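> Compute the structure for the input listed below.
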Amino acid sequence: MHDGTSVDRAGQVAVIFISQRTAQDGEGYAAAAAAMDALAAAQPGYRGVESVRDAEGRGITVSYWATEAEALAWRANPDHAAIRDRGRAHWYENYQVIVARVERGYGWTLPA
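You can find the predicted model right below:
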């Protein structure tokens with residue numbers, strides 16, 4: 001969920017999670033997603049997240065980290081790993097993860 005503000009992300013590590021949801025357990029998924037958002041935000045090196053999902057269940061979530069080591073620490077977090085396993089079993093048809101270093105970025109906002 002992007003709030004429309006521009007943030008300088010140069011030098012950060014972007015973890016891009018592209019997924020296709022199943023139709024199973026929407027409430028459980030929503031609760032787990034909220035818990036993961038809160039847990040990620042408490043991790044060292046966390047710099048933010050943006051996420052969208054369309055009506056067919058295709059989603060893209062980008063989390064930002066100060067360093068690759070901190071992004072890897074998030075991946076290794078035991079609570080995150082448990083939810084990831086649950087996702088594979090119930091909530092996702094498929095997903096892919098892409099990790100990249102942000103070289104530059106820019107934005108534009110419609111004037112009020």
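> which outside residues touch whichever helix in the chain runs longest?
In the chain, assigned by DSSP state H, the helix with the most residues is helix 26-41. Residues outside helix 26-41 that contact it (CB atoms under 8 Å, 6 or more residues apart in numbering): 21, 46, 49, 63, 74, 77, 79-80, 83, 86-87, 90-91. Every C-beta, even on glycine, is put in place using the N, C-alpha and C of the backbone.
> Which elements pack onto the one helix or strand Asp85 maps to?
Using DSSP states H and E, Asp85 sits within helix 78-86. Applying 3 or more CB pairs under 8 Å, 6 or more residues apart in numbering; DSSP states H and E, we find helix 78-86 packed against helix 26-41.
> Mind doing that once more with 10 Å?
helix 26-41, helix 68-76, strand 92-101 (3 or more CB pairs under 10 Å, 6 or more residues apart in numbering; DSSP states H and E).
> thought Ala10 was touching Arg47?
No - using CB atoms under 10 Å, Ala10 makes no contact with Arg47, being 11.3 Å away.
> so where's the chain uncertain?
By pLDDT under 70, the weakly predicted segments of the chain are 1-6.
> do you know which of the helices and strands packed on helix 78-86 lies nearest Ile16?
Ile16 lies closest, by CB to CB, to one member of the helices and strands packed on helix 78-86: strand 92-101, at 4.2 Å.
> quick one: strands adjacent to the closest one?
strand 13-21 (antiparallel) (DSSP bridges).
> Any buried residues in the strand it pairs with, and which?
13-15, 17, 19, 21 (16 or more other CB atoms under 10 Å).
> Adding distance to Ala55 as columns, could you present these in a markdown table?
Shown next, in a markdown table, are the buried residues of strand 13-21 (distance: CB to CB, whole Å):
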| residue | distance to Ala55 |
| --- | --- |
| Val13 | 30 |
| Ala14 | 25 |
| Val15 | 25 |
| Phe17 | 19 |
| Ser19 | 15 |
| Arg21 | 11 |
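> Looking at the residues you listed, which one is closest to Ala112?
Ala14 (28.8 Å).
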